[in-house]
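[1] sharing a model prediction with you, sequence too.
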Amino acid sequence: MMKDRLEDFVRVNKKSFDQLEPPANLWERIEKELDERHISKNGVKKERVIRLSILYRSAAVLIPVLFAGLWFYQYQFKQSVDLSNINPQLAKQQVHYASMIELKRTELKHLEKDEPQLYREFSSEIMKMEESYKKLQKDLPASPNQEETVKAMIRNLEIQIELLNQQLTIIQQINQVKKEQRNEIQNI
């Protein structure tokens, strides 16, 4: 009954509802008023709000990175436990090399912004080595000579480190050339 009266009222006054339009700058006024209320109510300046938003954004980026690091650490720990049954010394080497590779990859990641093409080429080389490592890792449980397979895995990691070192050296050389060019331009 109440619903029918409301529907009748809306149907009768539909044209009146359609004629009302909000002012053009309504959202700007609301936003300005909210900003003023927020500043006066909390006594917080806009700069501080901006700093807090930057802090929150940084945290939003940092938290997934930390979780990825923890996952990687746990993965490496689990892997080293399996390898330690085969050869504890090789297991320690594997963990050490894997952590070195992760650090060097992080260094290499800084190249992505400045030299995306070079970064893709470097990454593709490392991905090939990593695929080979994963195949060895997958074959390890069924391998008739597990210690030799682990040695091959370690050698793969050593080659990855050598390749990353070469790539980082190339990056340093590129940066040095850029620096020298900037200095020459400034001296002109």
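    The structure has been received and is ready for your questions.

[2] next, Pro144: secondary structure please.
    With DSSP: H, G, I helix; E, B strand; the rest coil as the basis, Pro144 sits in coil.

[3] which SS class is the one residue sitting closest to the centre of the chain?
    With distances taken as C-alpha atoms, centre = their mean, the residue of the chain nearest its centroid is Val65 (6.1 Å). Three-state assignment for Val65 (three-state DSSP): helix.

[4] OK, contacts around it?
    For Val65, the contact set (C-beta atoms under 8 Å, 6 or more residues apart in numbering) is empty. The C-beta positions use only the backbone N, C-alpha and C, and glycine is treated the same way.

[5] let's have the chain start at 30 instead
    Got it, the first residue is 30 from now on, which makes the last one we talked about Val94.

[6] which pLDDT value belongs to it?
    Looking at Val94, its pLDDT reads 70.

[7] distance of it from Lys138?
    Distance of Val94 to Lys138, given as C-beta to C-beta, to the nearest Å: 11 Å.

[8] just Pro170 next, same as before
    32 Å.

[9] can you check Glu131 too?
    11 Å.

[10] can you show me the helices along this structure?
    Secondary structure of the chain by DSSP state H: the helices cover 31-41, 43-48, 55-71, 75-115, 117-138, 140-143, 145-168, 175-216.

[11] tell me the pLDDT of the closest residue to Tyr126 other than its chain neighbours.
    Nearest-residue entry for Tyr126: Leu186, 3.8 Å, with adjacent residues in sequence omitted and distances by C-beta to C-beta, 6 or more residues apart in numbering. If you check Leu186, the pLDDT there is 93.

[12] for the closest residue to Ile203 other than its chain neighbours, give me phi and psi.
    Nearest residue to Ile203 in three dimensions, chain neighbours excluded: Glu144, at 7.2 Å (C-beta to C-beta, 6+ apart). Main-chain dihedrals, Glu144, degrees, to the nearest 10: phi -130, psi 70.

[13] what's the burial count for Glu144?
    16 (other C-beta atoms under 10 Å).

[14] ok, it to Leu35 distance?
    Distance of Glu144 to Leu35, given as C-beta to C-beta: 65 Å.
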